[in-house]
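>>> below are the sequence and a predicted model; questions follow.
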Amino acid sequence: MNDRPNAQVVMAKCSKKRLSYGMRVEEKERKTWHVTWAFPISDKRARAEKYENTKIEGSFVLDDTYKGCPYCGMSGFFSCYKCGKISCWDGAQTVTCAHCDTVSDIGGTISELDVGGDL
Ligand SMILES: [Zn+2]
Ligand SMILES: [Zn+2]
């Protein structure tokens, strides 16, 4: 038995400010990750903490406690189909990736997050 929460930090970027933040996610049910809170973090710090190397699979739900992006407060997020990285999302149909500037339409849900790679 292990009742320690299985929690990870997923790196993301604010679409408006282009600054990095970490989203803490917790696996509350099997393969269901609850996004609990987000905090500002520098790319350097994220690298030092190895937050970029975590790979998690499953679906994501926003926890009731989640307050949104630490920079602009938007509670949504999307992952870019091109680079796979996460940016905060204001609910618009067309989005621009904060990492690689790819413009895409929102479709489907995030089913797998690869948290590796450099930001
Ligand atoms: Zn934001
Ligand atoms: Zn991208």
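Sure, I can see it. Ligands and ions are numbered 1, 2, ... in the order given.
>>> alpha carbons of stretch 84-100, in PDB - could you do that?
Taking C-alpha atoms only, stretch 84-100 is exported to PDB below (Å, rounded to 0.1, in the frame of the first residue of the first chain):
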ATOM      1  CA  GLY A  84       3.800  18.900 -28.000                       C
ATOM      2  CA  LYS A  85       4.400  21.600 -25.300                       C
ATOM      3  CA  ILE A  86       1.800  23.200 -23.200                       C
ATOM      4  CA  SER A  87       0.600  26.800 -23.200                       C
ATOM      5  CA  CYS A  88      -2.200  28.400 -21.200                       C
ATOM      6  CA  TRP A  89      -5.400  28.800 -23.100                       C
ATOM      7  CA  ASP A  90      -8.200  31.400 -22.900                       C
ATOM      8  CA  GLY A  91     -10.800  29.300 -24.600                       C
ATOM      9  CA  ALA A  92     -10.400  30.600 -28.100                       C
ATOM     10  CA  GLN A  93     -10.800  28.300 -31.000                       C
ATOM     11  CA  THR A  94      -7.600  29.300 -32.700                       C
ATOM     12  CA  VAL A  95      -4.500  29.300 -30.600                       C
ATOM     13  CA  THR A  96      -0.800  30.200 -30.900                       C
ATOM     14  CA  CYS A  97       1.800  28.000 -29.300                       C
ATOM     15  CA  ALA A  98       3.900  30.000 -26.800                       C
ATOM     16  CA  HIS A  99       6.900  27.800 -27.500                       C
ATOM     17  CA  CYS A 100       7.100  27.600 -31.300                       C
END
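>>> now it: buried residues?
84-89, 95, 97-99 (16 or more other Cβ atoms under 10 Å). In this view, the C-beta of every residue, glycine as well, is placed from N, C-alpha and C.
>>> what's the answer for stretch 63-70, then?
In stretch 63-70, counting by 16+ other Cβ under 10 Å, buried: 63, 66, 68-70.
>>> quick revisit: and ligand 2, which of the buried residues of stretch 84-100 contact it?
For ligand 2, the contacts drawn from the buried residues of stretch 84-100 by Cβ under 5 Å from the ion are 97, 99.
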